[in-house]
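# kindly return the folded structure for what I paste below:
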Amino acid sequence: MLDVFLIDALQRLDRRVLEVCAEEERRAEKLAGGGGRGWTAVRNLVRPSVADLVGQPADRAGLLPGGPHVLRRIGAALGLVECELEALVVLFAPHVEPRYQSVYAVLQDDLHQPRATERVLHAILGRDAERHRLLATSLGAAGRLVRSGLVVRLPGAFAPLARPLDLPEDLVAALFGAPEPPVPQALGQYWTSGSGEPPGLREDAGVPPSPALQVVFGHGDLVETARSFVPRQRRLVVVGVPAAAADATAVAAAAWRAGLCTGALPLLDLTAVQEAEVGSVVRSVEDLVAFGGAAWLLCRDPLAVPVPHVEALPAGWAGRRDTWLAEASARGVALTPGEAGALAARHRLDGRGVRRVLDVATDGGATADADALDAVAAGMGVEHVRHSRRTIPTRGFDDLVLRPTTREALDRLVHYVKHRDQLAEDLGLERRYRLQRGPVALFSGVSGTGKTLAAEAVAAALGRPLHTVDVARLVSKYIGETEKNVDEVMSQAERASAVLFFDEADSLFGNRTERTSNAGDHFANMLVGYLLQRIEQHDGPTILATNLRGGIDEAFLRRFQFRIEFPFPGADERERIWELMLPERVVRADDVDLGRLAKAHRLAGGDIRNAALKAVFLAHRRGAPVGQDDLERAIALELLEMGRLSRQPDGALSGPRLPDRGELLRTGLDDLHDQLAVCLRQRFLKEIHVVHGSPTDELLTGKKPAVSVALFRVAARRGADGLRAGLIVSAWSHRAEEESELLGVVHEALTGMALAPVHGRQARLRVQESHDFDLLHRFWSSHGHPVRPSVVLDVEIE
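Sure, this is the predicted structure:
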């Protein structure tokens with residue numbers, strides 16, 4: 001619907017077009033012979049008449065009536081003269097009435113070109129030489145009508161004055177009276193108004209005048225910060241600028257024009273623009289604002305432009321809580337400070353996000369409480385985090401079998417995340433501790449001990465999604481790409497209020513090289529340094545899992561707020577895992593003895609899960625309940641597939657089979673291991689690894705403090721069924737005093753230890769209080785170590 005202003009302008013245009021048609025008709029008559037015959041007609045056409053030389057009457061009325069209008073607002077902002085504004089009316093007319101296309105085609109002697117050309121504008125508006133000059137200048141490629149985007153020159157090769165011209169669609173919409181003209185190709189667009197409450201200003205200081213071009217940067221709420229510096233009565237249009245340079249420049253220009261047409265202040269969100277293209281977009285905006293109008297730029301980092309910069313700081317927990325309380329109160333939603341604090345701790349939403357949550361939760365007059373708001377916020381916070389896999393947690397701590405120390409550490413982690421912000425605010429802890437970031441937790445333990453499942457359980461307890469980062473996709477061979485990927489993942493995870501999980505993190509955060517011999521080592525050190533810094537700055541829980549704690553850089557270990565160890569499960573824990581993996585609906589045979597199974601086979605939780613599933617399918621294939629034979633066979637298959645020793649089934653050998661010496665030795669050492677591990681667990685909070693085999697650096701890497709049990713001798717009498725084994729037990733730690741303490745505890749445990757019968761045979765353990773020094777010297781020399789204090793054992797099985 002056209003307003004009175006444009007209706008009057010188009011009526012004036014009609015009268016002007018009639019006059020131009022009369023003039024063109026007179027010229028046509030001359031060309032046809034009305035002004036003479038032959039060359040006389042040509043000379044009469046070329047030779048202007050006295051009336052032509054005088055020009056049009058100077059007092060001819062203009063096309064634009066008086067009074068306020070969009071065109072008047074544009075003219076005032078850019079300093080356009082009347083002739084330039086009239087050109088916009090001429091170009092706008094065909095969008096209102098198609099008959100103008102036919103008239104323009106006749107006036108420019110080209111029935112195949114319905115769009116207005118430069119010739120039409122000169123014919124209609126060029127009353128004198130000055131107006132012709134002004135039109136030629138303003139409609140040229142460097143003219144302000146074209147450079148400002150108010151007039152679009154169609155591309156191509158054309159004769160002089162024959163280039164088609166048009167208006168951009170956003171300007172057409174504004175002239176049709178659209179109160180909120182659309183910005184084509186924008187990533188998003190919405191309208192709001194200023195709040196006039198810049199942080200830190202006194203109440204009597206007022207709101208400072210808004211500059212035409214300003215940069216709002218930082219990792220806080222960019223829009224809310226910009227709103228706070230704009231008077232309440234002024235409207236704002238927030239426009240998302242796309243990544244590509246050409247589209248970004250066009251969108252920025254359209255947003256600037258939307259501000260001209262409506263009087264609103266455009267806020268151009270450049271956070272999605274590629275870093276290499278930001279400069280060209282900023283320069284184009286600078287050129288536009290130089291004509292007039294205004295535009296503010298929103299970005300994460302400062303820009304290299306000499307204009308005012310305002311930093312948007314992230315809202316703290318108290319600020320987010322107050323926003324929840326204020327917005328809920330404005331909508332009549334009852335929310336206690338405790339509930340608002342919980343919502344603020346879980347969801348990192350800005351003011352606009354909180355308002356959207358409340359609008360959705362109360363849509364249709366629905367009654368919203370804290371649980372409803374929490375559910376809506378969780379659904380609206382879904383955001384794609386690149387290089388990661390999003391998981392909605394479905395398993396909790398009840399699905400885990402953990403040591404009490406591990407479970408208690410996980411509970412502390414969950415409590416820390418839930419109450420960090422509130423305690424920092426209430427107790428003033430932020431002055432002494434950096435609590436606005438993190439926490440960062442390290443889960444360490446051998447494969448299959450439940451680290452991944454524990455990360456999911458932590459996310460479930462926090463009510464947040466779990467994003468497992470694909471480390472292989474994160475690391476790039478191109479310089480700068482890995483840092484960019486890490487920063488992108490961290491920023492997106494903060495907005496999604498997600499739990500970040502880096503599996504096998506030792507491949508990403510490995511040991512830094514102290515001596516750099518080449519550019520690769522130097523780059524690796526720089527990369528690790530950046531990763532340490534960026535993860536420390538991340539506002540949200542980050543969990544790193546490693547199978548080898550020693551593979552994590554020592555400097556980085558000090559930055560973990562939580563270092564949680566997942567030890568290898570003992571016999572009782574393995575039995576509970578078997579129970580979990582065979583739920584109630586799985587029918588078991590009467591001969592199933594999970595306790596015996598757990599003691600006989602030292603398997604991690606992941607291995608037990610795989611074996612239990614194999615047993616279920618083996619039993620289903622037989623059409624019978626799951627029996628002990630199914631479980632034993634499933635374990636044998638699992639060990640075989642892992643490349644470990646796997647015994648033949650009992651029926652593979654003819655006749656009754658007695659335990660061989662290998663089984664005797666394995667069972668006896670397992671009993672020794674379990675008893676020693678229990679004793680160490682009773683004395684120390686830290687899990688002390690008991691490792692079997694030659695105490696090499698590779699075996700002990702990442703496992704100190706540890707106790708090594710090395711077999712150096714096996715003997716048996718000819719014809720006898722028993723055997724005798726010699727063992728060397730040593731203590732290992734990064735500190736000598738800890739090794740002495742640990743060895744003393746081990747000696748006390750071994751001297752009082754009684755081995756259980758092995759396959760019905762008596763087993764005895766004896767500590768050799770005096771032993772051959774040459775034996776120890778040869779043993780340790782063969783392993784590249786000096787002689788270490790050790791305990792020498794004899795284990796005899798009858």
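
# gap between the residue nearest the centre of the chain and residue 176?
Nearest to the mean C-alpha position of the chain, counting by CA atoms, centre = their mean, stands residue 492 at 2.1 Å. From residue 492 over to residue 176 the distance is 39 Å, taken as CB to CB, to the nearest Å. For the C-beta atoms, the positions are set from N, CA and C on the backbone; glycine is no exception.

# if we can go back for a sec, now do the SS call for the residue nearest to the centre of the chain.
helix (DSSP: H, G, I helix; E, B strand; the rest coil).

# quick check: mean pLDDT of stretch 256-276?
If you average the pLDDT over stretch 256-276, you get 90.

# flag every buried residue along it.
256-262, 264-271, 273 (16 or more other CB atoms under 10 Å).

# check the offset of it from the chain's centre.
Between the centre of stretch 256-276 and the centre of its chain there are 24 Å (CA atoms, centre = their mean, to the nearest Å).

# now do stretch 181-189: everything it contacts.
For stretch 181-189, the external contacting residues (CB atoms under 8 Å, 6 or more residues apart in numbering) are 169-171, 173-174, 237-242, 247, 250-251, 254-255, 257-258, 261-262, 269, 272.

# test my guess that the residue nearest to the centre of the chain contacts residue 390.
No. Using CB atoms under 8 Å, residue 492 is not in contact with residue 390; the gap is 10.7 Å.

# and for these two, which residues touch both?
Common neighbours of residue 492 and residue 390 are listed as residue 384 (criterion: CB under 8 Å, 6+ apart).

# is it true that residue 144 touches residue 77?
No. With contacts counted by CB under 8 Å, residue 144 stays clear of residue 77, the gap being 11.6 Å.

# for the stretch 551-700 of the chain, what spans make up the strands?
Listed in chain order, the strands of the stretch 551-700 of the chain (DSSP state E, counting those that start in this stretch) span 562-565, 689-692.

# wait, which of the ones you listed is closest to residue 760?
Among the strands of the stretch 551-700 of the chain, strand 689-692 comes nearest to residue 760, with 23.9 Å by CB to CB.

# I'd like to know how far residue 107 sits from residue 116.
Applying CB to CB, the value for residue 107 to residue 116 is 9 Å.

# the more surrounded of those two?
The neighbour count for residue 107 versus residue 116, taken as other CB atoms under 10 Å, is higher for residue 116 (26 against 19).

# so of the buried residues of stretch 256-276, which two are at opposite extremes in space?
261 and 271 (25.2 Å).

# closest to residue 365 among the buried residues of stretch 256-276?
Nearest to residue 365, judged by CB to CB, of the buried residues of stretch 256-276 is residue 264 at 31.5 Å.

# now the closest one, nearest residue through space, not along the chain?
Leaving aside its chain neighbours, residue 264 sits nearest to residue 235 (4.0 Å; criterion: CB to CB, 6 or more residues apart in numbering).

# that neighbour and residue 263 touch, don't they?
Yes. Counting by CB under 8 Å, residue 235 touches residue 263, with 7.0 Å between them.

# so what's residue 582 up against?
Counted by CB under 8 Å, 6+ apart, residue 582 has contacts 588, 594, 612, 615-616, 626.

# the same query, at a cut-off of 7 Å, please.
Residues in contact with residue 582 (CB atoms under 7 Å, 6 or more residues apart in numbering) are 588, 612, 626.

# what's the local residue count around residue 666?
Residues near residue 666, counting by other CB under 10 Å, number 16.

# same deal with residue 497?
Residue 497, neighbours per other CB under 10 Å, totals 22.

# so which bits of stretch 735-747 are buried?
739, 741-743, 745-747.

# so which of these are in strands?
Among the buried residues of stretch 735-747, no member falls in strands (DSSP state E).

# tell me the one among those residues nearest to residue 661.
Closest to residue 661, out of all of these and judged by CB to CB, is residue 746, at 26.1 Å.

# from what I can see the closest one touches residue 791, true?
Yes. Counting by CB atoms under 7 Å, residue 791 is a contact partner of residue 746 at 6.2 Å.

# overlap in contacts of those two?
Any residue near both residue 746 and residue 791 by CB under 7 Å, 6+ apart counts here, and that gives residue 729.

# which residues of the stretch 451-600 of the chain score low on pLDDT?
506-529, 549-555 (pLDDT under 70).

# and the helices in it, which stretches?
Secondary structure of the stretch 451-600 of the chain, counting by DSSP state H, counting those that start in this stretch: helices at 451-462, 471-474, 481-496, 519-537, 554-557, 571-581, 594-600.

# out of the ones you listed, the one nearest residue 777 is which?
helix 554-557 (32.0 Å).

# lowest mean pLDDT among the helices and strands of the protein, which one is it?
helix 50-54 (a mean of 46; mean pLDDT, DSSP states H and E).

# quick check: residue 415 is in a helix.
Yes. According to three-state DSSP, residue 415 belongs to a helix.

# count of residues packed around it?
11.
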